[in-house]
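Undergrad: fold the stuff below for me.
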Amino acid sequence: MAVPVLIFVGFLVALAVAGIVANVRRRRALFAMAAVNRWDLVKNDRQLPESFGGPPFTEGHGRVARIVLRGHHNGRAILVIDYEYKTPGSDGDDTHHYWAACVDDLPAPLPALEVVPRTGRKNQIGGPGLLSGAPQFVRGDPAFDQRYLVTTASPEFAADLLDPKVLRLIASWPDFCWRIERDRLLTWGKGTVKPHWVQTSLNMLVTLAETFPQEVWRPARG
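TA: Here you go, the predicted structure:
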């Protein structure tokens, strides 16, 4: 075997080993995070992804939550999901896709609504959205409407929810995608779960939920 080939093979082996080591460290950091916060940890949950209605949980096959963290953050029930699914590859082997999601439980079910950035949506968010085919909701705020794609089952609800206070908050998070699935508020992104992303995402979800105007809860709670 020629020397350049040996060097190249050695590089690939080193790269693979580095990836394995990094993943072990990441998982250990997640386990430590769960222990510090007294969160429950479950591995390889194949049922949880089926309980969601939008991407990335509706994509591909072989769907599995490799790691699920359940507990409370700032007094609210939360989920953290290290998620994987597969799609057929061009060479006959499956291609693996990795996504991270954080979920904040809401006090009552709300109409479905999804807010995603228009820029980079295909690569970082994936899929047609929870409400594929639904008409876009236009808030009437040019800066917001140009930056975000909003779909909802209830335009009236969207108009109430996306009040000036919520719009000001979202404006400070230009790449933040989120949606409501009944009593779940979630955000998601491409890649594996990392502790710093978990902390930031959970803080954002809790802040967003606590910013929702009170009038949106009255019909939901009866």
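Undergrad: let's check: the centremost residue of this protein is which one?
TA: Trp188 (1.2 Å; C-alpha atoms, centre = their mean).
Undergrad: what strand or helix carries that one?
TA: strand 178-190 (DSSP states H and E).
Undergrad: again with Val198
TA: helix 195-211.
Undergrad: and the contacts of that helix?
TA: 29-30, 33, 69, 73-74, 76, 78, 80, 100, 102-104, 106, 165-166, 169-170, 173, 176, 178, 185-187, 189 (C-beta atoms under 8 Å, 6 or more residues apart in numbering). C-betas here are computed from N, CA, C, even on glycine.
Undergrad: if any of these are buried, give me the ChimeraX selection for them.
TA: Buried residues among the contacts of helix 195-211 (16 or more other C-beta atoms under 10 Å), as a ChimeraX selection:
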select :30,33,69,73,76,78,80,100,102,103,104,106,166,170,176,178,185,186,187,189
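Undergrad: quick one: which of the contacts of helix 195-211 sit in helices?
TA: Within the contacts of helix 195-211, residues falling in helices by DSSP state H are 29-30, 33, 165-166, 169-170.
Undergrad: what's the local residue count around Gln136?
TA: Gln136 sits with 12 neighbouring residues when counted by other C-beta atoms under 10 Å.
Undergrad: was I right to think Leu69 contacts Leu79?
TA: Yes - using C-beta atoms under 8 Å, Leu69 is in contact with Leu79, at 7.0 Å.
Undergrad: neighbours of Val36, how many?
TA: 9.
Undergrad: that one sits in which helix or strand?
TA: Val36 belongs to helix 3-37 when assigned by DSSP H and E.
Undergrad: quick check: next helix or strand after the helix or strand of the chain with the lowest mean pLDDT?
TA: For the chain, counting by mean pLDDT, DSSP states H and E, helix 121-124 ranks last in confidence among helices and strands (a mean of 52). Remark: after helix 121-124, the chain's next helix or strand is helix 142-147, criterion DSSP H and E.
Undergrad: centre of the chain to that next one, how far?
TA: 22 Å (C-alpha atoms, centre = their mean, to the nearest Å).
Undergrad: what's the one helix or strand Phe157 maps to packed up against?
TA: In this assignment (DSSP H and E), Phe157 forms part of helix 155-161. Packing partners of helix 155-161 (3 or more C-beta pairs under 8 Å, 6 or more residues apart in numbering; DSSP states H and E): strand 94-117.
Undergrad: partner strands of the strand it packs on and their direction?
TA: Sheet pairing of strand 94-117 (DSSP bridges) gives strand 76-88 (antiparallel), strand 148-152 (antiparallel), strand 178-190 (antiparallel).
Undergrad: TSV for those strands, including mean pLDDT?
TA: Listed next are these as TSV, based on pLDDT from 0 to 100:
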stretch	mean pLDDT
strand 76-88	95
strand 148-152	90
strand 178-190	94
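Undergrad: how about CSV for these, with distance to Ala134 added?
TA: As requested, the strands paired with strand 94-117 are arranged in CSV below (distance: least, C-beta to C-beta, whole Å):
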stretch, distance to Ala134
strand 76-88, 24
strand 148-152, 4
strand 178-190, 12
